[in-house]
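1. I would like the atomic coordinates for the input below:
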Amino acid sequence: MKKRTIVTGLVTLLSVVTLAACSKTTQNSKIITMKGDTITVADFYNEVKESTASKQAVLSLVVSKVFEKQYGDKVSDKEVTKAYNNAVKYYGDSFSSILASRGYTKETYKKQIRSEKLLEYAVKEEAKKDLTDANYKAAYKDYKPEVTAQVIQLDDENKAKSVLEEAKADGADFAKIAKDNTKGDKTDYTFDSGSTDLPSQVMTAALALDKDGVSDVITTADSSTYKPVYYIVKVIKKEDKNADWKAYKKRLKEIIVNQKLTDTDFRNAVIGKAFKKANVKVKDRAFSEILSQYAAGNSSDSKATTTAASDDTTTAAADQTSAAETTSAE
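-> Next up, the predicted model:
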């Protein structure tokens, strides 16, 4: 089944950003005072800016600001709230502890959801420009139509082998065996080769079965805990594949677009294109390489942007303060 994952919060530098957002805050603003010494915004910034986490935090902030500016009206608060509530429901009592372990508060996690949804919208829109007959036909070649299956999910290998033996016995009532033994939320699924409701190994095995066929034990790993999970599947209904790819055009479109969402190179190209449009420039040489992975979308301008930092010693702390003042003025 599709797993929801809360990625690690990149919050190392966010306190600096928060401080800089205040119009009265400067590089010399004091964060900590003590006898004979102080720690200022600049002290903190210079201490942490070289770390990988800080660079990732700045990059995350750039992505968030650029995509909010360009696509902010394309994602509603309702969508963000729905995604947030789905995560709360999925993780249950563990949600708060998982959030804390990833460095998020409820509000910063909602901001992360919004940022990802803005990027998702941009990727989907760019992917739609690539929908040619050749792409449709290539997707159709690999496409396998819907099957309806009964699924047993187990967390113990010996138990799975025992249940498989019972399920393959003559006259076995697979539906009852599934309901009596599964650890999953349900036993009945309908899916095609582009679905994400079950692990890919399970769907591949099921789609290869004939009607009334029962799989062997399929071993997968839980994407959150990495512990092994075992499945047994029986196909109870199978759709024949139409010879005309256009019969599946709408579904093939969804599959092609969804594949682009998980294509790192394509996503990076979309981000690079957005950065170029926003004229993103790095002003502190400590962050000179954070845009390099988006060169495909930014072309030669990306190299110019990242190397420009060596000629410009303006600190990010000062830039953040200036930006905050500009935003306040607007």
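2. any idea of the mean pLDDT in the longest strand seen in the chain?
-> In the chain, with assignment by DSSP state E, the single longest strand is strand 228-238. Across strand 228-238, pLDDT averages out at 97.
3. buried sites along it?
-> Val229, Tyr230, Tyr231, Ile232, Val233, Lys234, Val235, Ile236, Lys238 (16 or more other CB atoms under 10 Å). No exception for glycine: its C-beta is placed from N, CA and C like everyone else's.
4. low-scoring stretches of the stretch 1-150 of the chain, by residue?
-> 1-24 (pLDDT under 70).
5. which of the helices or strands spans the residue most central in space within the chain?
-> Centroid-nearest residue in the chain: Glu116, 6.9 Å away (criterion: CA atoms, centre = their mean). Per DSSP states H and E: Glu116 is located in helix 106-128.
6. can you map out the strands along the stretch 51-200 of the chain?
-> 147-154, 188-191 (DSSP state E, counting those that start in this stretch).
7. other SSEs contacting the longest one?
-> The one in question is strand 147-154. Secondary-structure packing of strand 147-154 (3 or more CB pairs under 8 Å, 6 or more residues apart in numbering; DSSP states H and E): helix 157-167, helix 174-181, strand 188-191, helix 200-208, strand 228-238.
8. buried residues, it. List them.
-> For strand 147-154, the neighbour count (16+ other CB under 10 Å) marks Val147, Thr148, Ala149, Gln150, Val151, Ile152, Gln153, Leu154 as buried.
9. pick the most deeply packed of the helices and strands packed on strand 147-154.
-> strand 228-238 (a mean of 20; mean count of other CB atoms under 10 Å).
10. show me the contact partners of that strand.
-> 145, 147-157, 159-160, 163-164, 167, 174, 178, 190, 198-199, 201-202, 205-206, 209-222 (CB atoms under 8 Å, 6 or more residues apart in numbering).
11. repeat the analysis, applying 7 Å as the threshold.
-> Contact with strand 228-238 is made by 147-155, 157, 160, 163-164, 167, 174, 202, 205-206, 209, 211-215, 217-222, as judged by CB atoms under 7 Å, 6 or more residues apart in numbering.
12. please apply the same query to stretch 64-80.
-> Contacts of stretch 64-80 (CB under 7 Å, 6+ apart): 110, 113-115, 117-119, 121-122, 274-275, 277-278, 280.
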